[in-house]
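S.K.: Next comes the sequence, and after it the predicted model I'd like to discuss.
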Amino acid sequence: MTISYTSDVATSSGFGCFWKVLWRWKGSIYKLVWKDLFAFLLSYFGISAAYRFALDEPSKKYFEQVVIYVSKSYTKLIPLSFVLGFYVSIIMTRWWNQVSGVPWPDTVSLYVNSCMTNNKSPRARMFRRTIVRYLNLAFVISMSKVSPRVKRRFPTLDHIIEAGLLNDHEKSLLGGIDKKSQYSNWFVPIVWCAGVAKQAQREGMFIGEQSYLALLSRITDFRGACGNILNYDWISVPLVYTQVVTFAVYAYFLADLFGNQWIEAGDIDMYFPIFPCLQFLFYMGWLKVAEVLINPFGDDDEDFELNWVIDRNIQIAYLVADDLHESHPEVSKDVHWI
Amino acid sequence: MTISYTSDVATSSGFGCFWKVLWRWKGSIYKLVWKDLFAFLLSYFGISAAYRFALDEPSKKYFEQVVIYVSKSYTKLIPLSFVLGFYVSIIMTRWWNQVSGVPWPDTVSLYVNSCMTNNKSPRARMFRRTIVRYLNLAFVISMSKVSPRVKRRFPTLDHIIEAGLLNDHEKSLLGGIDKKSQYSNWFVPIVWCAGVAKQAQREGMFIGEQSYLALLSRITDFRGACGNILNYDWISVPLVYTQVVTFAVYAYFLADLFGNQWIEAGDIDMYFPIFPCLQFLFYMGWLKVAEVLINPFGDDDEDFELNWVIDRNIQIAYLVADDLHESHPEVSKDVHWI
Amino acid sequence: MTISYTSDVATSSGFGCFWKVLWRWKGSIYKLVWKDLFAFLLSYFGISAAYRFALDEPSKKYFEQVVIYVSKSYTKLIPLSFVLGFYVSIIMTRWWNQVSGVPWPDTVSLYVNSCMTNNKSPRARMFRRTIVRYLNLAFVISMSKVSPRVKRRFPTLDHIIEAGLLNDHEKSLLGGIDKKSQYSNWFVPIVWCAGVAKQAQREGMFIGEQSYLALLSRITDFRGACGNILNYDWISVPLVYTQVVTFAVYAYFLADLFGNQWIEAGDIDMYFPIFPCLQFLFYMGWLKVAEVLINPFGDDDEDFELNWVIDRNIQIAYLVADDLHESHPEVSKDVHWI
Amino acid sequence: MTISYTSDVATSSGFGCFWKVLWRWKGSIYKLVWKDLFAFLLSYFGISAAYRFALDEPSKKYFEQVVIYVSKSYTKLIPLSFVLGFYVSIIMTRWWNQVSGVPWPDTVSLYVNSCMTNNKSPRARMFRRTIVRYLNLAFVISMSKVSPRVKRRFPTLDHIIEAGLLNDHEKSLLGGIDKKSQYSNWFVPIVWCAGVAKQAQREGMFIGEQSYLALLSRITDFRGACGNILNYDWISVPLVYTQVVTFAVYAYFLADLFGNQWIEAGDIDMYFPIFPCLQFLFYMGWLKVAEVLINPFGDDDEDFELNWVIDRNIQIAYLVADDLHESHPEVSKDVHWI
Amino acid sequence: MTISYTSDVATSSGFGCFWKVLWRWKGSIYKLVWKDLFAFLLSYFGISAAYRFALDEPSKKYFEQVVIYVSKSYTKLIPLSFVLGFYVSIIMTRWWNQVSGVPWPDTVSLYVNSCMTNNKSPRARMFRRTIVRYLNLAFVISMSKVSPRVKRRFPTLDHIIEAGLLNDHEKSLLGGIDKKSQYSNWFVPIVWCAGVAKQAQREGMFIGEQSYLALLSRITDFRGACGNILNYDWISVPLVYTQVVTFAVYAYFLADLFGNQWIEAGDIDMYFPIFPCLQFLFYMGWLKVAEVLINPFGDDDEDFELNWVIDRNIQIAYLVADDLHESHPEVSKDVHWI
């Protein structure tokens, strides 16, 4: 589930609001970075111990020269902040487009409710319910391609049947189409959905041609949004960019391990690498922002919980398209009526 | 309420216009930062006093070496300006999308006015008023989920009844739906709104099918805008990013407390940390920009006053949809008529 | 009026084209900065004179130490270029959205022309002219809220009557509505505009329902654009951001006054602060970009001349909606006809 | 014409692809910068010669001190890369919006083709051809306002008559309108275009009202795109911003002329200013990017060739709207038919 | 084919996920940079050997002075990270717009399916299949202009005939049009496509005029998307910008070859240029990101495989428009039915 802390930061009076979110653990920088930091410190003290206890005098001298040389060079080496700034910007833009681009069936359900005529017959109800069911079916099938969590929940079509979104006849039809076409057929339920709407149109269940087309257009928007999510999954940020950034951060801290060693020839010796640790938390944390966001439907704390969305969508779509169909309160005079 | 100073900066003649806004207090950097600055100075002078009066000579020496070491390291430590620049950019983009994405019922009201036929019967009036009432109702319910101010004004549905946007029958219907669905049902009034419009369409109160669909489309836009605001609230900027930035600023000024101490071994001793104070005002002020904007419907001076918007919307929606319905001036020849 | 220099920069052959715009005065950096620069130099030479002629030897020594200390600290103090870069980016985006978002009545006029039927009766003419008149009226009323220049031209509704956009009856209606609603009622003429169109629809002056709705949609777009401009005016860039930036620039040059003093202990003494002056021109000029653009409808040389736009709109709207109504040339064979 | 090198960079195997484009001359950095670089070197060697041969010993000493002072100050003087980065970003965004916003008559032609009924009479043909002719006429008139090249080709309306886009009667009508309105009347052919379409609608040449409105909407889009191009031309990037950037670059290299002189007191003396030259090529080249792109319809190598577009549009518009009207191949079974 | 690694980065638990992608070879930084790095090292050791073994003592001294001078100057020379950051941002935005802007025929196919009436006659089938065939034909012809891979697969129209998208009669028609117009006629199949739809409309195969126009609008969108891809190909990022960036990187590493030589006068001599190599991998890798993305339809590992898309589109378009035409499952009660 996404981590929401908006209510914590409603006001910045007092000492502001951001220090409050510093103490959170779930989805936090500490939870994400502590293992890396531990490994970093282990390596640091390993090298430090080797230098202090294992090396003989001339090796020590040489080591100290290496430390001095590295400490002069490595900060100029790579402008970490720059490359991270640009990279994380790109990742965040993609992330937001993905999470805000997840389609909701609400609009289609509302159009099913509003464009189909006042027909309380069971057949009309079936049409309404089938349209939104196919919509949810397409959603589940497409999302199981991008989200490991959804995949784990619905590993096969049989699990979708159990969830009530598919029946056996439909499953066999899907199987038949899969045999004909070797490409991903996640959109077939959308085509069915439009086909069912057309059948309803033929049976005179729409207010008119316009209403039918209005619904069709909303269904197409839904399909487009699903396709968009699949596109984002299919076309990643180019591998080479991710590698350049990761490489930069790792190379930086590799150099850091040597360049920030306390040496006996220095002015003071504080044993613990305070500033490298702060830097590590900062830069590695910044990189973790990218790691967490690059796959917004993955398994991280911050990731978007599509299974919750699926449950919600099934319930709400039936509610809007069926239960609330022509069951609004009777119009009456309001209290401001004069 | 948002702080508007546009009229102060209408012209940059003379010495420009921005120095004028430096003297404002409400919503200002000084109001936001002074408590933090006070705490910073307190710590600074505490450490300074300890160094000058409490430490013995060898500790002083060691302290001075620490100061020198820190002062050489901390500025290179973390590129504050960079990370703040990127982070505040992201927050501002979100902020603007949120405040400019708040939906206004004006367009729907105009369409109610323009698409429904010239029918002055009380029933027609009821339809028009009910449609915009439900719109405002959905707005209030959804906004109370994102804004603590609106929540304080309308803690329960009863308070909304008092405001005249809901009646008892509708409240019980809402309660019934809440029982059926465990998910947020803020959009139910929108479905009612569309349902009432459909009822009106059946009773022949629209110019035609097209007009009905045009209104429906505007209602859907309104729903989408509300949902968008809720999305922004639900999906915060990832916690880890906010933590990284906050951590960076705090770590920087923690190091600053030591690295900028005046030491007796230095060339001059000015006692007061002028430049650290300027930096503190600047960087902490920049962070406060983010703190203020991250929740635009919160309790800060700068925050958007949704309660005012609600009052305005109720009045204007009735005005446009009902009072101004077919009450435009009679067309006549204008003064440029030839 | 905006300063257009596009024709000066049509080609970058020779020594390029940008040096040509360096010599312009109107709307130039020199015109905007010279007063500030003058004040800066005055202060600089004041301090310089005090140092050279008024201080005794120990004070001089102390002053020199201050100069050395400041000169070492202030450049690292605040990354001016960074904060200005980000801030000016934001301001420019807003500026362009505002000036390119100013609505033009041309499209509505074209739709009035094209969607209303071939009816040359005076009443049809009245309808067409009234629709665009109300549009222009709404434009003037809303723009007078954001632009001091328009406000000066139309301080009261009476001035709008003089301009022929309003008549006395309509003014009294507006007054009545203002009494009912305490909120800004700039959009009322838009509602009238739509109402008049609806009246015309009832009288059969449109090709059909679709044509009427197409016009209505364009009128709504116009309203939305006006509302957008008002939003930009109402929701300024957060005060605290503007303060942070202004504060940074001023603090920088305050430090500059001391840190760049020529001291006798230095290697050379050139009396005049050449580089600080260049910096001042540059950074202060960059800040002026923001000052000029933050209110694009203000009184600066660069600002958008809405009064000219209003005059143009009145004339063009009548021209398109009325004079050119069904007065196109007769179709004929063109020269490429085979 | 724009310089296309996409095919040169199809693959980055081997040593990559960008070194290939380093050798191009047309539209290249070398062609744009060599004159400036020549002037820079001339000044450099002039100063160098004066220092080496003309100055006496004390002047030399003073000059050397100036060189040392300048060389320490000027790089910190102005963050060229920053301001150029932001400025060129803005210019490139505008440039792309302009070149990708040039309207093409293809869509309108397709709608003329598809929305008007199967009527092969000469009158129907006249209607179709006249609609797209007026479209192209509006395009030529508006583009001649932004592009000096188009202006040179069509300095007067008579030249447009020669090109076959206008006839004498229409020219006199345009003249009459110009007398009535002192504002730019480039859009009048668009109004005629819509008027002709309406005449055709009255004569029953459209499939229905919807088809007519669909065409009208596409014509309006075309008008909007032309207006947008004019807007970009009218509202330049604020003069003061361009001045700030130009000023910064020139001031930098003026300081460079002194600060990078080889002095006899230095460690080595390489006579030729290698690094300043590289810097000059780089920074001045970056500025030239802005100079070239600021007016995308100007006279530079890179600029968009609107005359070619005009020729193409005239031919293609007639082709689509007239020649291809209902002349598609007869439908038949395809090879995959089963 | 694009390199997808999203599933590798689903969670950042443990040591995060980015180190996993460091070991990939296909599309990786190592594969792209190793040749350049090899050349760089060869030059480095060549110079190093010359210095160590070939030069006499005074030359060595001079060389060392050059090394010292260059090493002090070159890092300040050009802000590589800055210019690369901005440039790669621009390239990535273009890249994403291109790859996400590739049109898919799915929507048009769905509209063909949903807007044309329930007519199972072979002629209706022919219409449906011909419409989507022409769409795919236009796609292939336009993409062969931007992608060398598609061009290699379909060097002539005859190869398209073999693929079943064209027949001989249509080929001769295309040839005839090419003779009339010297401009690119890739869009002619789109005009045919619309023409065929119109023929179907005349034969009463659409639900109504609206349905026909809805399909026409989707066909136009498809045409627009193809045109957009062609535009991106035609209007490259300005040559001078690419040259400036490439020049900067190459100049930097040329200076690096000298400025980072180990000299005997230095403190230590590690023979191998570790840090320059890291920098080379980093900066050259960043530049390679741009090289790979500048032509997203080229021959790189990362490039978008349009041939796969073409195959998929042909199959899916027929599937949706024909096979699935009115073959949805019969509506029935779902499991949640109450």
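M.R.: Looks like it arrived, so ask away. Numbering: from 1, shown residues only, chains lettered A, B, ... in the order given.

S.K.: going forward, measure contacts and count neighbours with C-alpha atoms only.
M.R.: Will do.

S.K.: Could you find the closest non-adjacent residue to A:F222?
M.R.: Spatial nearest neighbour of A:F222, chain neighbours left out: A:P103 (5.9 Å); criterion: CA to CA, 6 or more residues apart in numbering or on different chains.

S.K.: give me the number of residues near that neighbour?
M.R.: 19 (other CA atoms under 10 Å in any protein chain shown).

S.K.: so what's it up against?
M.R.: Going by CA atoms under 8 Å, 6 or more residues apart in numbering or on different chains, A:P103 touches A:F222, A:A225, A:C226.

S.K.: Now do the same contact list for the spatially most central residue of chain A.
M.R.: Central residue of chain A (CA atoms, centre = their mean): A:P296, 1.4 Å from the mean position. With contact set as CA under 8 Å, 6+ apart, A:P296 has these partners: A:W95, A:Q98, A:V99, A:E302, A:D303, A:F304.

S.K.: secondary structure class for the spatially closest residue to the fifth one that is not a sequence neighbour?
M.R.: Right, A:D303. Leaving aside its sequence neighbours, A:D303 sits nearest to A:P296 (CA to CA, 6+ apart; 5.0 Å). Under the three-state scheme (DSSP: H, G, I helix; E, B strand; the rest coil), A:P296 adopts coil.

S.K.: Quick check: the gap between A:P296 and chain B.
M.R.: Distance, A:P296 to chain B, using CA to the nearest CA, to the nearest Å: 11 Å.

S.K.: Quick check: closest non-adjacent residue to the residue of the stretch 201-338 of chain A found nearest chain E.
M.R.: Residue nearest to chain E within the stretch 201-338 of chain A (CA to the nearest CA): A:G298, separated by 4.4 Å. Excluding its sequence neighbours, the residue lying closest to A:G298 (CA to CA, 6+ apart) is E:A10, at 4.4 Å.

S.K.: What count of nearby residues applies to the one you found?
M.R.: Using other CA under 10 Å, E:A10 is surrounded by 25 other residues.

S.K.: quick one: low-confidence parts of chain A?
M.R.: Applying pLDDT under 70 to chain A flags residues A:1-2, A:12-13, A:75, A:77.

S.K.: Spell out the residue ranges of the helices in it.
M.R.: A:18-21, A:29-49, A:57-77, A:80-101, A:106-115, A:122-146, A:148-153, A:157-162, A:168-180, A:188-202, A:209-234, A:239-259, A:274-293, A:306-318 (DSSP state H).

S.K.: CSV for those helices, including mean neighbour count and distance to D:V66?
M.R.: Putting those into CSV (neighbours: other CA atoms under 10 Å in any protein chain shown; distance: least, CA to CA, whole Å) gives the following:
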stretch, mean neighbour count, distance to D:V66
helix A:18-21, 17, 49
helix A:29-49, 17, 47
helix A:57-77, 16, 29
helix A:80-101, 18, 34
helix A:106-115, 26, 72
helix A:122-146, 23, 64
helix A:148-153, 16, 67
helix A:157-162, 15, 80
helix A:168-180, 13, 80
helix A:188-202, 23, 76
helix A:209-234, 20, 57
helix A:239-259, 21, 37
helix A:274-293, 22, 39
helix A:306-318, 18, 67
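
S.K.: any chance of the ones you listed in TSV, plus distance to B:D233?
M.R.: Formatted as TSV, those follow (distance: least, CA to CA, whole Å):
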stretch	distance to B:D233
helix A:18-21	16
helix A:29-49	21
helix A:57-77	39
helix A:80-101	12
helix A:106-115	19
helix A:122-146	23
helix A:148-153	24
helix A:157-162	31
helix A:168-180	38
helix A:188-202	30
helix A:209-234	21
helix A:239-259	29
helix A:274-293	18
helix A:306-318	16
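
S.K.: Those helices: which one's closest to D:R133?
M.R.: helix A:209-234 (33.2 Å; CA to CA).

S.K.: For B:G224, see how far away the closest residue to A:I131 other than its chain neighbours is.
M.R.: Among residues not flanking A:I131 along the chain, A:C193 sits closest, at 5.0 Å (CA to CA, 6+ apart). Going from A:C193 to B:G224 by CA to CA, to the nearest Å gives 22 Å.

S.K.: next one: A:V33
M.R.: Relative to B:G224, and taking CA to CA, A:V33 is found at 38 Å.

S.K.: Equivalent analysis for A:I314, please.
M.R.: A:I314 is 19 Å from B:G224, where distance means CA to CA.

S.K.: A:F38 too?
M.R.: Note on A:F38: its distance to B:G224, by CA to CA, is 46 Å.

S.K.: follow-up on the earlier one: who's in contact with the residue of the stretch 201-338 of chain A closest to chain E?
M.R.: Listed by CA under 8 Å, 6+ apart, the contact set of A:G298 reads A:S147, A:P148, A:R149, A:F304, E:V9, E:A10, E:T11.

S.K.: one more time with 7 Å
M.R.: A:S147, A:P148, A:R149, E:A10, E:T11 (CA atoms under 7 Å, 6 or more residues apart in numbering or on different chains).

S.K.: now, among those, which is nearest to chain B?
M.R.: Distances from chain B to the contacts of A:G298, taken as CA to the nearest CA, are shortest for E:T11 (14.5 Å).

S.K.: give me the number of residues near that closest one?
M.R.: Applying other CA under 10 Å, we find 25 residues neighbouring E:T11.

S.K.: now do A:F206
M.R.: Neighbourhood size, A:F206 [other CA under 10 Å]: 23.

S.K.: Please work out which residue of chain A is closest to chain C.
M.R.: For chain A, CA to the nearest CA, closest residue to chain C: A:Q210, 11.4 Å.

S.K.: Look up how far E:A10 lies from A:D301.
M.R.: 11 Å.

S.K.: repeat for A:V292
M.R.: Using CA to CA, one gets 8 Å for the distance from A:V292 to E:A10.

S.K.: Check A:Y74 too.
M.R.: Separation of A:Y74 from E:A10 (CA to CA): 32 Å.

S.K.: Could I get the contacting residues of the closest residue to A:Y69 other than its chain neighbours?
M.R.: Nearest residue to A:Y69, sequence neighbours excluded (CA to CA, 6+ apart): A:G259, at 7.6 Å. The contact partners of A:G259, taken as CA under 7 Å, 6+ apart, are A:V67, A:I68, A:V70, A:S71.

S.K.: any idea how far D:S43 is from the third one?
M.R.: If you measure A:V70 against D:S43 using CA to CA, the figure is 41 Å.

S.K.: Pick out whichever of the contacts of A:G259 sits closest to E:K171.
M.R.: Checking these one by one against E:K171 (CA to CA), the nearest turns out to be A:V70, at 67.9 Å.
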